[in-house]
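A.B. asks: build me a model:
(chains A and B)
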There are 2 protein chains.
Amino acid sequence: MSGVAFTVIPEGSITSPRGFSAASAHAGLKAGGAADVALLVSSASCATAGVFTRNAVRAAPVLYDADLLNERPGRIRAVAMNARVANACTGSEGFEAARAMAAAAERAAGLPPRTALVLSTGVIGVPLPVEQVAAGLEQAAGRLASDGGTAAARAIMTTDTRPKYAAVRVDTPAGAITVGGIAKGAGMIHPDMATLLAVLTTDAMAEPATLAPLLHRVVDHSFNAISVDGDTSTNDTVLLLANGTSGITPARDAALAAQFEEAVLHVARTLALAIVADGEGASKLLEIQVIGAPSEKAARDVGRAIARSALVKTAVYGADPNWGRVLAAAGAAGVPLSPDRLSLAAAGAEGEWLTLAQGGGTAHPEPARARAIFTQKTIRLRLDLGVGRAEAIVWTCDLTPDYIRINADYTS
Amino acid sequence: MSGVAFTVIPEGSITSPRGFSAASAHAGLKAGGAADVALLVSSASCATAGVFTRNAVRAAPVLYDADLLNERPGRIRAVAMNARVANACTGSEGFEAARAMAAAAERAAGLPPRTALVLSTGVIGVPLPVEQVAAGLEQAAGRLASDGGTAAARAIMTTDTRPKYAAVRVDTPAGAITVGGIAKGAGMIHPDMATLLAVLTTDAMAEPATLAPLLHRVVDHSFNAISVDGDTSTNDTVLLLANGTSGITPARDAALAAQFEEAVLHVARTLALAIVADGEGASKLLEIQVIGAPSEKAARDVGRAIARSALVKTAVYGADPNWGRVLAAAGAAGVPLSPDRLSLAAAGAEGEWLTLAQGGGTAHPEPARARAIFTQKTIRLRLDLGVGRAEAIVWTCDLTPDYIRINADYTS
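C.D. replies: Take a look at the predicted model:
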């Protein structure tokens, strides 16, 4: 996000980088004929990295993909996706269903075996209707297009109200590299339970061995910064596919490598923020900056503790500048704090910072100004722990009655 | 809760054990003249144990009490309490205010210095109006009564809708021992942020050295079983005062010691369950039994992860038997699980268990029966991890639109 030169591509997505095509289809899983499966295909083998859920209950597609990426991280050609059924908690039949879905994608796109990854999202514990999904993928394969990425983004929506896609182009002396992505995820009040799926693509050349650590760093500062990463869903998956069609290898040059990583981070963060802004029932975006921390991990842990506090989130919903709740949530993060060195400030999306609390005590802020900040759609909090130089940013949204309405009855 | 013989005392509280008296008064903190301070006094010095918040931001009364109990655990004579102002995040002035409140209680009750503990609950970051509180304690001291415990329970209520008190009598060959208690706590959807205060009293004789570990064990199976203990509020405190006026020393006899501990546990659990049932906006009680765990800690961690899942709690509110969310929440507990050995069953307050999921997969339960269970006011879940013999129980309530209404605007 620093001063790196890249160009945002309007309506860009996973098909913006060269050599990628995609399409969606209706497989009968969603009501009303809406697209519910999607297929992404690369014209060349991709070096691929994946970041998967840390949940002890891993869905079948996660198990399948982790296994395949372990075996052939340089040979991926496609990603098959479906919504409505998560294929999680489905036992060994579920694993066979994931395998069959991958095989169906490979057949439909005329690809060799073991070249397609699979992503599923939806209700847990329901068997995947493999034949329907296979028929849908067959249809999608027949209409693959170099502008099909946004349709794929639509197909994987569950309680999302908007499709999420983004792409940027990096211009280098040797030519352009493009990075694109799509994502879904909506139960973001407690993202630990929501399924977050994201697919990132690029036409850069890369080795799986450099791509994997890059993706982990990017995810830490994007998808993992929108909430608690220790508490993930059964299906969470972020994939990064590099098909090399640009002929440019960022890893060969340190400056270019940094520029490439910034571009991937920009796309990932754009998608992550779109997920928060579209959180179930969300009416406001809360950005939590933790500075002055002894380590980045400490900063992130404190930020996440604030981000997951129902009392902080309801206060944000109610435009109530209840700073004591923020300090109490920070104190519960499991990070040693010096209460008398804490300092908390708030601001809107733009505008000046207002100190709410200092030295662990009351800062006697101007109540009208504090309330005016909390009334805005985007609220920024900056908590200085006063003990170091590390920092982290975490984003979340407010907790609203709509969240409860959406989640009180989902399966039926 | 096992077959131990004790008698529940109707309307029993902290003043049920001999030698304790209590009263409340209005110090001008609550609107409308409601009692907002309370004073508990013992006729004899008490061996006293305390369990305090693990929050890194500790309120002034917590700091004061921990220090006093460290210095004089056998010399406590009184507990002074107030509602509306938590005296948390109030810096060194806050600590002086806590000290002044204790001194005021000692003066009012004619006790030696450093014999009174203090408890505060309410809004964080607001200075304690010490003179008002002192005047209130003075009034309360003038009307101390041996049936004043329930009035004290009323005075410490914040968003509680009901006062919480309980007492039991244990009949032994040497005579009777009585254990009583009061508590407050209401933001129990996320108890990590609510202030939980509890005072337990007994006329048993005890040494501080035996009382402290007993109280920790009791709290683990009562107040800490209603949610995440690593995430506590700035003020959480549970005190146990033993004034010895019964002349009976439970620790001298193993069977009697066990009986005494069961009695303390019964009172603590009764108060803890009353807190959950009175959780902010709560309409249902959820009991989560985790069995077949490799250790009690693992069982408790899994239970707590389920108890704090907003998706589980909204499903309970919506009477939706969405068992996938329960398994996903369990998987996020940070405890290694074998998904194919998991088994989940549900029941109402009474009645048969219905298996919802088995072997990590779909159990194809009867949807109508499952929904009938989830429609009840009390829902019990039993998750068998299938890998050991340890178990734990955790209680929580549902997450409702009322919770958000209550918390969206609290300070103002």
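A.B. asks: all the helices of the stretch 201-350 of chain A, residue numbers only.
C.D. replies: A:208-220, A:254-277, A:296-307, A:310-317, A:323-331 (DSSP state H, counting those that start in this stretch).
A.B. asks: over to the stretch 51-200 of chain A?
C.D. replies: Taking DSSP H, counting those that start in this stretch, the helices of the stretch 51-200 of chain A run over residues A:60-71, A:91-109, A:130-141, A:149-155.
A.B. asks: before we move on, the earlier item: would CSV of the helices of the stretch 201-350 of chain A with distance to A:A135 be doable?
C.D. replies: All C-beta spots, glycine's among them, are computed from the backbone N, C-alpha and C. Formatted as CSV, the helices of the stretch 201-350 of chain A follow (distance: least, C-beta to C-beta, whole Å):
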stretch, distance to A:A135
helix A:208-220, 32
helix A:254-277, 29
helix A:296-307, 41
helix A:310-317, 42
helix A:323-331, 48
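A.B. asks: please identify the deepest-packed of those.
C.D. replies: helix A:323-331 (a mean of 29; mean count of other C-beta atoms under 10 Å in any protein chain shown).
A.B. asks: can it be said to contact chain B?
C.D. replies: Yes - counting by C-beta under 8 Å from any C-beta of the partner chain, chain B has neighbours in helix A:323-331: A:323-325, A:327-331.
A.B. asks: can you give me the end-to-end span of stretch A:50-58?
C.D. replies: 14 Å (C-alpha to C-alpha, to the nearest Å).
A.B. asks: quick check, that stretch touching chain B?
C.D. replies: Yes - for stretch A:50-58, a contact with chain B is found by C-beta under 8 Å from any C-beta, at A:55-58.
A.B. asks: for the residues you listed, pick the one with the most neighbours.
C.D. replies: A:N55 (28 neighbours; other C-beta atoms under 10 Å in any protein chain shown).
A.B. asks: quick check: next helix or strand after the helix or strand bottoming out on mean pLDDT in chain A?
C.D. replies: One helix or strand of chain A scores below all others by mean pLDDT, DSSP states H and E: strand A:361-362, with a mean of 65. Toward the C-terminus, strand A:361-362 is succeeded by helix A:367-374 as the next helix or strand (DSSP states H and E).
A.B. asks: which parts of that next one are buried?
C.D. replies: A:370, A:373-374 (16 or more other C-beta atoms under 10 Å in any protein chain shown).
A.B. asks: same question for the longest strand along chain A: list its buried residues.
C.D. replies: The residue-count maximum for a strand in chain A (DSSP state E) belongs to strand A:37-52. Across strand A:37-52, burial judged by 16+ other C-beta under 10 Å covers A:37-42, A:45-52.
A.B. asks: got the angle between that strand and helix A:60-71?
C.D. replies: Relative orientation of strand A:37-52 and helix A:60-71, computed by axes from the mean of the first three to the mean of the last three C-alpha atoms, to 10 degrees: 60 degrees.
A.B. asks: that older thread, out of the helices of the stretch 51-200 of chain A, deepest packed?
C.D. replies: Sorting the helices of the stretch 51-200 of chain A by mean neighbours (by mean count of other C-beta under 10 Å), the first place falls to helix A:149-155, with a mean of 25.
A.B. asks: in space, what's closest to whichever residue of the stretch 51-200 of chain A sits closest to chain B - neighbours in sequence excluded?
C.D. replies: Distance from chain B to each residue of the stretch 51-200 of chain A (C-beta to the nearest C-beta) is smallest for A:I124, at 2.6 Å. Of all residues not flanking A:I124 in the chain, B:G324 sits nearest, at 2.6 Å (C-beta to C-beta, 6 or more residues apart in numbering or on different chains).
A.B. asks: check contacts around that neighbour.
C.D. replies: A:86, A:88-89, A:123-125, A:234, A:411, B:357 (C-beta atoms under 8 Å, 6 or more residues apart in numbering or on different chains).
A.B. asks: where does chain A have low pLDDT?
C.D. replies: In the predicted model of chain A, residues A:1-4, A:186-194, A:227-232, A:360-364, A:409-412 satisfy pLDDT under 70.
A.B. asks: mind putting the helices of the stretch 51-200 of chain A into JSON lines with distance to chain B?
C.D. replies: Formatted as JSON lines, the helices of the stretch 51-200 of chain A follow (distance: least, C-beta to the nearest C-beta, whole Å):
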{"stretch": "helix A:60-71", "distance to chain B": "10"}
{"stretch": "helix A:91-109", "distance to chain B": "3"}
{"stretch": "helix A:130-141", "distance to chain B": "15"}
{"stretch": "helix A:149-155", "distance to chain B": "22"}
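A.B. asks: closest to chain B among the buried residues of strand A:37-52?
C.D. replies: Once C-beta to the nearest C-beta is applied, the member of the buried residues of strand A:37-52 that ends up nearest chain B is A:F52, at 12.7 Å.
A.B. asks: now do the contacts for that closest one.
C.D. replies: A:58, A:62, A:65-66, A:236-237.
A.B. asks: for A:A23, what are its contacts?
C.D. replies: Contacts of A:A23 (C-beta under 8 Å, 6+ apart): A:38-39, A:140-145, A:148, A:151-152.
A.B. asks: can you tell me how far the residue nearest to A:T378 when sequence neighbours are not counted sits from A:S16?
C.D. replies: Distance criterion C-beta to C-beta, 6+ apart; nearest residue to A:T378, sequence neighbours excluded, is A:A349 at 3.8 Å. As judged by C-beta to C-beta, to the nearest Å, A:A349 and A:S16 stand 28 Å apart.
A.B. asks: nothing else from me, thank you.
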